[in-house]
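Undergrad: Let's see this in three dimensions:
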Amino acid sequence: FQADKIHALLSAKLDAAAKQQKQIETLLEAGKVRPVDATLARTAVLAARQQILVAQEQTIFAEKELHKLAGLSDTIKIQTIEPKIDSPIFELQEEALFQRALESSPGILKAQADVRAKEFHIEAERGGYLPKMELVGQYALFSRANNYEDYFRKFVRNNFLLGLSIQVPVFNGSTGARVAQSRQETSEARYRLESMKSNLKLDIQRNLGALRIARGAVELGRIDIDAAREMLKVSETLMEAGRISEKDVEESRAQLLQKELALLDADQTLFQRELELLHSTGAIGTALQ
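TA: Now for the predicted structure:
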């Protein structure tokens, strides 16, 4: 999304390098500079052209990748805009971010449900130590084809049986083994859950630190550009007074362009760090809506 800005800055950098090369070649003919200065000037022009080539190839590949991800034909033109993320997540403290991530992380929620299920399983296995009471019922419909009325003085076709079954465990060694196994599985599930929580908290701390560094880099880049612009104004004033040459002014202008390119990189890095923090806290879906 910053391709147009990058291309414009690189083109300006190439123009400045080409202009400076001509000046140095003129001074070389007059014997006022060394041949190595002319070589360095040509190298700067070639380096600027290489940067433009790299940027163009990266833009072409990014467009093709975007078409593939979006499922669109290569003939369809995609107009991109610079994305901006405005989320209250960035204003929260570390602990608040961690609690929010715990409530929205699918892996954490699944692990918590697994622990609860295994705890219930322990209680179920411990029930093997207790007596069991069951209400027993049975219904039977006898057929006359079996001639029951010939053997019994009173024959009733519909028969009901209702009773109470009580089972008291006496020798039940397998229950203890099942309870111990369930406790072991529950301990393992708790350990996995705590490990996932620890990794999540560490991930949030890492992303917060990276975000603070990226914000600092952007702020430093802006201040650096302001200083470079002031230096360029000073250089232009000195050149008008005849105290420095045009070569020195072009060098100041080239430094300004370089710092503007660095700020674009810093902005892109900041955007990536914001996405990483949103992803780790599970808020990336709502932030990009």
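
Undergrad: need the helices for the stretch 151-289 of the chain, in chain order.
TA: In the stretch 151-289 of the chain, the helices defined using DSSP state H, counting those that start in this stretch lie at 173-240, 246-281, 284-287.

Undergrad: and those helices as TSV, adding mean neighbour count and mean pLDDT?
TA: Where you see a C-beta, it was placed from the backbone N, CA and C, and this is true even at glycine. As requested, those are exported to TSV (neighbours: other Cβ atoms under 10 Å; pLDDT from 0 to 100):
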stretch	mean neighbour count	mean pLDDT
helix 173-240	15	91
helix 246-281	18	88
helix 284-287	14	66
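
Undergrad: Could you dump the ones you listed into a markdown table and include distance to residue 46?
TA: Formatted as a markdown table, these follow (distance: least, Cβ to Cβ, whole Å):
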| stretch | distance to residue 46 |
| --- | --- |
| helix 173-240 | 24 |
| helix 246-281 | 15 |
| helix 284-287 | 42 |
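
Undergrad: contact partners of stretch 205-217?
TA: For stretch 205-217, contacts defined as Cβ atoms under 8 Å, 6 or more residues apart in numbering pick out 90, 94, 97, 266, 269-270, 272-274, 276-277, 280.

Undergrad: about what we covered before: between the helices of the stretch 151-289 of the chain, which gets nearest to residue 43?
TA: helix 246-281 (13.2 Å; Cβ to Cβ).

Undergrad: Run the chain-centre distance for that closest one.
TA: 22 Å (Cα atoms, centre = their mean, to the nearest Å).

Undergrad: Repeat that for stretch 182-202.
TA: 22 Å.

Undergrad: Out of the helices of the stretch 151-289 of the chain, which gets nearest to residue 76?
TA: Closest of those to residue 76 is helix 246-281, at 24.8 Å (criterion: Cβ to Cβ).

Undergrad: helices or strands up against the closest one?
TA: Contacts defined by 3 or more Cβ pairs under 8 Å, 6 or more residues apart in numbering; DSSP states H and E place helix 246-281 against helix 3-29, helix 94-104, helix 173-240, helix 284-287.
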